[in-house]
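*Asks:* The sequence and its predicted three-dimensional model are supplied below.
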Amino acid sequence: MEPMEPLHWKVVIDARDPHAQAAFWAAALGYVEEDHSTLVAKLLAVGAVPPEATLTVRPGTPEERLGWHDLAAVRHPDDPLSEENGAGLGRRILFQRVPEEKTVKNRLHLDVHAGPGTRDAQVERLVKLGAAVRRRVAEQGGSWVVMTDPEGNEFCVQ
């Protein structure tokens, strides 16, 4: 069997408000919110997507742009991106709108690694951004803080 090229991937998280989640996680991780406005405008102009599939992100601000109604994403600022559609080509999180609220524990979660001696400051910063502390864990193998993002998705800060 011939060796395969590595696969590109992204983490996809269900959300009630994809754009609010993207804004939170961009601030939390120091990532960049993806700008899909060029692709959205192009598809609207040729009638390939209905206007209700889109929205104006951050209306009335200098960051105002077109976006997808049901999708928003963040990417690592150092990773490449597609000039054609604004999507990141590296470390990326996509938020997709779903109608239901989160009801059970995540089967997959993010671990956020703070620098040495900075975990408590990072936890405080994340709380100010809208996260909540669920519990602090101290075990023989280490310690971390279990938190939830603004929609209740669990993540850990180590």
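*Replies:* Received it, and whenever you're ready, just let me know what you need. Remember, predicted model here, so these are calculated numbers, not experimental data. Numbers count the residues shown, from 1 in each chain.
*Asks:* low pLDDT regions in this structure?
*Replies:* Judged by pLDDT under 70, the chain has no weakly predicted residues.
*Asks:* how about Ile13, secondary structure?
*Replies:* Classification of Ile13 by DSSP: H, G, I helix; E, B strand; the rest coil places it in strand.
*Asks:* what sits against it?
*Replies:* Gln21, Ile93, Leu94, Phe95, Gln96, Asn153 (C-beta atoms under 8 Å, 6 or more residues apart in numbering). For the C-beta atoms, the positions are set from N, CA and C on the backbone; glycine is no exception.
*Asks:* which helices and strands sit right next to the helix or strand harbouring the third one?
*Replies:* Taking DSSP states H and E as the definition, Leu94 sits inside strand 92-97. In this structure, strand 92-97 makes packing contacts with strand 11-15, helix 18-29, strand 71-75, judged by 3 or more C-beta pairs under 8 Å, 6 or more residues apart in numbering; DSSP states H and E.
*Asks:* Pull out the buried residues from it.
*Replies:* Residues of strand 92-97 classed as buried: Arg92, Ile93, Leu94, Phe95, Arg97 (neighbour count, 16 or more other C-beta atoms under 10 Å).
*Asks:* Next, the angle strand 11-15 makes with that strand.
*Replies:* On the basis of axes from the mean of the first three to the mean of the last three C-alpha atoms, to 10 degrees, strand 92-97 is oriented at 30 degrees to strand 11-15.
*Asks:* Name every strand pairing with strand 92-97 and say which way it goes.
*Replies:* Here strand 92-97 is paired, per DSSP bridges, with strand 11-15 (parallel), strand 71-75 (antiparallel).
*Asks:* Need the contact partners of the last one.
*Replies:* The one in question is strand 71-75. Identification of contacts with strand 71-75 by C-beta under 8 Å, 6+ apart yields 10, 18-19, 21-22, 25-26, 29, 31-34, 36, 57, 81, 87-88, 90-97.
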